[in-house]
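Visitor: After the sequence you'll find the predicted model.
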Amino acid sequence: MVNTFQHLRREAARLYAQVLSSERAVIITTSALVGIGAGFGAVIFRWLIGFVKEIAFGGGKAALSFMGSFYVVLIPAIGGLVVGPLVFYFAREAKGHGVPEVMEAVALKGGRIRPIVAVIKALASSVCIGTGGSVGREGPIVQIGSALGSTLGQLLRLPGEGTRILVACGAAGGVAATFNVPIAGVIFALEVILREFSARYFSMVVIASVTASQVGRVFLGDYPAFQVPTYSLVSPWELFFYAILGVLAAFVASGFIFSLYWLEDVFDSWKFPDYLKPAIGGLGVGLIGLYTLDVFGVGYETIERALHSEMTTAFMIALLVAKLFATSLTLGSGGSGGVFAPSLFMGAVLGGSFGNFVHGWMPTLTAVPGAYALVGMAAVFAGAARAPITAIIILFEMTQDYRIILPLMLATVVSTMVSARLRRESIYTLKLMRRGVEIRPRRSQNLMRSIQVDESMTPASELRTVTLDTSFEALAKMFQITHSHGFAVLDERGEICGIVAISDLERSLKRGPATGTVRDICTTELITAFPDESLEEVIRRIGSHDIGRMPVVERMQPGRLLGMVQRADVIRAYTHALMDDQARQDQAERMRLEQATGAQLVEFDLKEGDAAVDRKLEELRIPSDCLIISIRRGSRVVVPRGETEFLVGDHVVALAAPGKVEVLKESLLQ
């Protein structure tokens, strides 16, 4: 018995040691640590904002009492004088709303974020928000939590995948703790930061979110962010109004994105010291605040008033415009803060004003305006961030009211769809696209969905067509000359009225003499496509009807032929899309490699007469701090060795240390 017990104890100890030494165990443990760190980070960040606000609007008001009510103009400008140098001299990644920087770190840098970013982001954003900057807490706390996760991953020398997971854990923990939304924290990290829903990420992110939420609840309390009256769907007909609200929210979100990046371009092009620009933006926000202080800070008090239907329509519309420009000024000039709270603010006043209108028009069929304000909050954020699941969950958790979930889901999805039609990129991804970084969710990517019909069809100008009166003999000659298998049939007005295929002619000739016309054999029940449809939809229709070609017509003039989609067009379009997608992946990998090594990736083609042609790699004088990575030779990629011989036409990819690119080229090309 004793021997058995000792054996079991030894086996348990061995298994325990194996578990502790496994990477997954380290990730799970560190996920909890990141969650705790993000939770305390959220608590400290909230305290810093309150501390700065008390100094700015308490002590600042007293110090500037000689200005009367005009003191509010200077407070945000003074905050900008602090934020500008902090960001410019210590961590320029802390500029703006922060989430795009985290997305870029996850996609291109193996999750590496400089530790100082957490400190500077906390200080800069707390000063910006506390002095009246029209921004929110979400972006900063995401970047703070992510920087903590990244720092821990780098200290433990985790591989890139492990560090990326910890970055997502930090983002989830930060959102969960600061807003008391543990579920939404998880969804935000997966939908926005990682852009992938995966079981291998889910458990770690949940651990971080739960631990961060618990820390937040201990210090900040366990209650919803907004105290909302009980709302419900009054009538099924009311869903129509919520759908309209979703469309309006999409336009507001699109306007917000345009305004933000337009003002950012204005400030970037302005030849003025970058570290002073936030002060100018703050001065503009202060001038807006002179008329209404509601635009200052996160604006949750104003949101509460909208949710309780306490404001007039005209005032809410004025607040919508004022908040849009105040937030764009703050972030466009180089301030530091998030876009989540401003999106909620704009959604609340948009929904509240729309609710005032419809409830005044049909009081017995619609809910009170506060219900529309609640739904508008989720709809505007979803339209701006293209994160409908996060928007739905986070509003549900922030209000803890499930009865309004159906209108919430409808308006949010409508807003996301319409916004995607208005603007391809979200408020987060547009910032990265402007840097040449394109981020797409890899697992859900569908190349056919990204191609429009008008990009892949054969245009009408290149098509051979026939008329209803074309004889069988003439039709047979056209098939023989063009080697085509089908033609569009046009009527006397030049509008498409049918399709005739070579199989139609063959069946007719088998039945009798070739004395008829196209009118006798063509198919007149047309299945058509529109130029703005995706190729995926067209392929589905082609497959379900077993046809070889589909005419493309105008939506408003269905008789006007614009082109033809054939199987060869589909294959060609898919090949081009695949090549473009591979080029984007190569570019992302190139940027990852350059970020990781600090070196520059260079590519060039060898021509007749170049020094490297017909010589082996070991014979060349390649600088010691340069490396030949690969040689593309036709369709084959060669990993070079010392005895590898270079040939004319080789596409060479190499890494060169800073300042060594020209030396490398001289050794290979001269």
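Guide: That came through, no problem.

Visitor: So which bits of the host helix or strand of Val127 are buried?
Guide: Using DSSP states H and E, Val127 sits in helix 116-130. Within helix 116-130, the residues that count as buried by 16 or more other CB atoms under 10 Å are 117-130. For every residue, glycine as well, the C-beta is placed using N, CA and C.

Visitor: Report the separation between the nearest residue to Tyr261 once chain neighbours are set aside and Gly360.
Guide: Computed as CB to CB, 6 or more residues apart in numbering, the closest residue to Tyr261 that is not its neighbour in sequence is Leu430, at 6.3 Å. Using CB to CB, to the nearest Å, Leu430 is found at 37 Å from Gly360.

Visitor: More neighbours: which of those two?
Guide: Per other CB atoms under 10 Å, whichever of Leu430 and Gly360 has more neighbours is Leu430, with 16 against 11.

Visitor: ok, the more buried one - contacts?
Guide: By CB atoms under 8 Å, 6 or more residues apart in numbering, the contact set of Leu430 is 257, 261, 423.

Visitor: my guess is Asp189 contacts Val205, does it?
Guide: Small correction: residue 189 is Ala, not Asp. Yes - using CB atoms under 8 Å, Ala189 is in contact with Val205, at 5.0 Å.

Visitor: quick one, which of the two is more surrounded?
Guide: Applying other CB under 10 Å to Ala189 and Val205 shows that Ala189 carries more neighbours, namely 34 against 30.

Visitor: Asp222 versus the closest residue to the more buried one other than its chain neighbours, what's the distance?
Guide: In space, Ala189 comes closest to Ala172 once its chain neighbours are excluded; the distance is 3.8 Å by CB to CB, 6+ apart. Taking CB to CB as the measure, Ala172 falls 18 Å from Asp222.

Visitor: buried ones in stretch 242-250?
Guide: Buried residues in stretch 242-250, defined by neighbour count with 16+ other CB under 10 Å: 242, 245-250.

Visitor: Endpoint to endpoint, stretch 184-197 covers what distance?
Guide: Using CA to CA, to the nearest Å, the end-to-end distance of stretch 184-197 comes to 13 Å.

Visitor: nope, stretch 414-429 is what I meant
Guide: Stretch 414-429 stretches 20 Å from its first residue to its last (CA to CA).

Visitor: next one: that stretch to chain centre, how far?
Guide: Chain-centre distance of stretch 414-429: 9 Å, with CA atoms, centre = their mean, to the nearest Å.

Visitor: swap in stretch 400-420?
Guide: Distance, centroid of stretch 400-420 to centroid of chain: 19 Å (CA atoms, centre = their mean).

Visitor: next one: stretch 86-103
Guide: Here the centre of stretch 86-103 is set off from its chain's centre by 18 Å, with CA atoms, centre = their mean.

Visitor: Just the mean pLDDT for that stretch, thanks.
Guide: The predicted model assigns stretch 86-103 a mean pLDDT of 83.

Visitor: now this protein, which segments are flagged as low pLDDT?
Guide: 1-27, 159-160, 198-200, 401-402, 435-450, 578-599, 634-639, 641, 643, 670 (pLDDT under 70).

Visitor: any chance of the buried residues of helix 116-130 in TSV, plus distance to Phe646?
Guide: Output for the buried residues of helix 116-130, formatted as TSV (distance: CB to CB, whole Å):
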residue	distance to Phe646
Val117	43
Ala118	48
Val119	50
Ile120	48
Lys121	48
Ala122	53
Leu123	54
Ala124	51
Ser125	53
Ser126	57
Val127	57
Cys128	55
Ile129	58
Gly130	62
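
Visitor: Go through the residues you listed and name the one nearest Thr575.
Guide: Here the nearest of the buried residues of helix 116-130 to Thr575, counting by CB to CB, is Val117; it sits at 41.8 Å.

Visitor: In contact with the closest one, which residues are there?
Guide: Counting by CB under 8 Å, 6+ apart, Val117 has contacts 91, 93-94, 101, 143, 147.

Visitor: try 10 Å this time
Guide: Listed by CB atoms under 10 Å, 6 or more residues apart in numbering, the contact set of Val117 reads 90-94, 98, 101-102, 105, 143-144, 146-148, 150-151.

Visitor: partners of the strand ranked longest in the chain, with directions?
Guide: For the chain, the longest strand by residue count, based on DSSP state E, is strand 626-633. Its sheet considered, strand 626-633 pairs with strand 636-638 (antiparallel), strand 651-656 (antiparallel) by DSSP bridges.

Visitor: which residue ranges form the strands in the stretch 451-600 of the chain?
Guide: Applying DSSP state E, counting those that start in this stretch to the stretch 451-600 of the chain gives strands spanning 458-459, 465-467, 486-490, 496-501, 549-553, 561-566, 600-605.

Visitor: Would you check that Glu603 makes contact with Val653?
Guide: Yes - with contacts counted by CB atoms under 10 Å, Glu603 reaches Val653, the gap being 5.2 Å.

Visitor: neighbour-wise, which of these two wins?
Guide: In terms of neighbours (other CB under 10 Å), Val653 is the more surrounded of Glu603 and Val653; the figures are 19 against 13.

Visitor: any idea how far the more buried one is from Ala612?
Guide: Distance, Val653 to Ala612, by CB to CB: 13 Å.

Visitor: what do those two both touch?
Guide: By CB under 10 Å, 6+ apart, the residues touching both Val653 and Ala612 are Ile628.

Visitor: The residue nearest to Val380 when sequence neighbours are not counted: which element?
Guide: Closest residue to Val380 apart from its sequence neighbours, by CB to CB, 6+ apart: Gly347 at 3.3 Å. Assessed by DSSP H and E, Gly347 sits inside helix 340-361.

Visitor: quick one: the helix or strand following that helix to helix 340-361, angle?
Guide: Remark: after helix 340-361, the chain's next helix or strand is helix 369-385, criterion DSSP H and E. Angle of helix 369-385 versus helix 340-361, following axes from the mean of the first three to the mean of the last three CA atoms, to 10 degrees, is 140 degrees.

Visitor: which strands and helices sit next to helix 369-385?
Guide: helix 238-269, helix 300-307, helix 313-332, helix 340-361, helix 388-399, helix 405-422 (3 or more CB pairs under 10 Å, 6 or more residues apart in numbering; DSSP states H and E).

Visitor: Give me the distance from it to the chain's centre.
Guide: Offset of helix 369-385 from its chain centre (CA atoms, centre = their mean): 19 Å.

Visitor: Mind jotting down where the helices sit in the stretch 451-600 of the chain?
Guide: Along the stretch 451-600 of the chain, counting by DSSP state H, counting those that start in this stretch, helices occupy 453-456, 472-482, 502-511, 518-521, 535-545, 567-597.

Visitor: which parts of the fourth one are buried?
Guide: Buried residues in helix 518-521, counting neighbours by 16+ other CB under 10 Å, are found at 518-519, 521.

Visitor: tell me which of those residues is nearest to Ala474?
Guide: For the buried residues of helix 518-521, the closest approach to Ala474 (CB to CB) belongs to Val518, at 8.9 Å.
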